[in-house]
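[1] Have a look at this prediction, sequence included:
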Amino acid sequence: MNLTDYVQQISREDFGKEFRHQAHWNHRLKTTGGRFFPKEGHLDFNPRYYQADQDLFRKIVRHELCHYHLYFEKKGYRHQDRDFKELLRLVDGVRYVPPLASFDTVTYLYSCQQCAHTYPRKRRVNTAKYRCGKCHGLLKFVGKRNQSLG
């Protein structure tokens with residue numbers, strides 16, 4: 001699927017206006033559905049939302065096109081602007097994107113060898129360098145666990 005053609009089609013069908021810039025997939029987006037770049041005029045989209053739910057993705061495209069068209073009409077294109085809220089409601093776009101259930105974070109689990117206090121961490125810890133904050137005992141790596149967001 002050519003993303004720019006898809007966005008142009010939605011722009012014509014739902015807004016009755018042309019989309020004259022480029023749309024790109026951005027794999028670095030984690031919790032955001034899409035982004036509008038006012039200076040360049042292009043749109044970035046998170047491919048995970050397209051793979052998860054195409055109806056939701058269409059609403060995300062509408063949301064970003066609201067920013068796009070209002071910006072070039074020199075109207076309020078930001079989330080808090082009345083023009084944006086009205087146009088978003090008119091075209092049935094989403095105001096907020098729900099987090100993806102498939103987005104996992106890894107948590108590293110450490111425990112103290114003396115007092116057994118556990119320390120969940122997002123990053124790995126050098127157990128030779130750091131000690132327990134309660135009793136100053138040695139830390140031991142227990143394992144990894146995945147936590148699903150959403």
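    Everything's here; your move.

[2] May I see the domains of the chain written out as residue ranges?
    As assigned by automatic domain parsing, the chain contains the domains 3-91, 104-148.

[3] can you give me the offset of the first one from its chain's centre?
    Domain 3-91 has its C-alpha centroid displaced from the chain centroid by 14 Å (C-alpha atoms, centre = their mean, to the nearest Å).

[4] swap in the shortest one?
    Using C-alpha atoms, centre = their mean, we find the averaged C-alpha position of domain 104-148 to lie 28 Å away from the chain's own average C-alpha position.

[5] same question for it, mean pLDDT?
    The predicted model gives domain 104-148 an average pLDDT of 91.

[6] try the first one
    Computed over domain 3-91, the mean pLDDT rounds to 96.

[7] Render the CA-only coordinates of the longest helix belonging to the chain in PDB, please.
    As assigned by DSSP state H, the longest helix anywhere in the chain is helix 54-72. What follows is helix 54-72, C-alpha atoms only, in PDB (Å, rounded to 0.1, in the frame of the first residue of the first chain):
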ATOM      1  CA  GLN A  54      -7.400  -0.400  10.000                       C
ATOM      2  CA  ASP A  55     -10.600   1.400  11.100                       C
ATOM      3  CA  LEU A  56      -8.700   3.100  13.900                       C
ATOM      4  CA  PHE A  57      -5.900   3.900  11.500                       C
ATOM      5  CA  ARG A  58      -8.300   5.700   9.200                       C
ATOM      6  CA  LYS A  59      -9.400   7.900  12.100                       C
ATOM      7  CA  ILE A  60      -5.800   8.600  13.000                       C
ATOM      8  CA  VAL A  61      -5.200   9.800   9.400                       C
ATOM      9  CA  ARG A  62      -8.300  12.000   9.700                       C
ATOM     10  CA  HIS A  63      -6.900  13.500  12.900                       C
ATOM     11  CA  GLU A  64      -3.600  14.300  11.200                       C
ATOM     12  CA  LEU A  65      -5.400  15.700   8.100                       C
ATOM     13  CA  CYS A  66      -7.300  18.000  10.400                       C
ATOM     14  CA  HIS A  67      -4.000  19.500  11.500                       C
ATOM     15  CA  TYR A  68      -2.800  19.600   7.900                       C
ATOM     16  CA  HIS A  69      -5.700  21.300   6.300                       C
ATOM     17  CA  LEU A  70      -6.300  23.800   9.200                       C
ATOM     18  CA  TYR A  71      -2.700  24.800   9.200                       C
ATOM     19  CA  PHE A  72      -2.700  25.600   5.500                       C
END
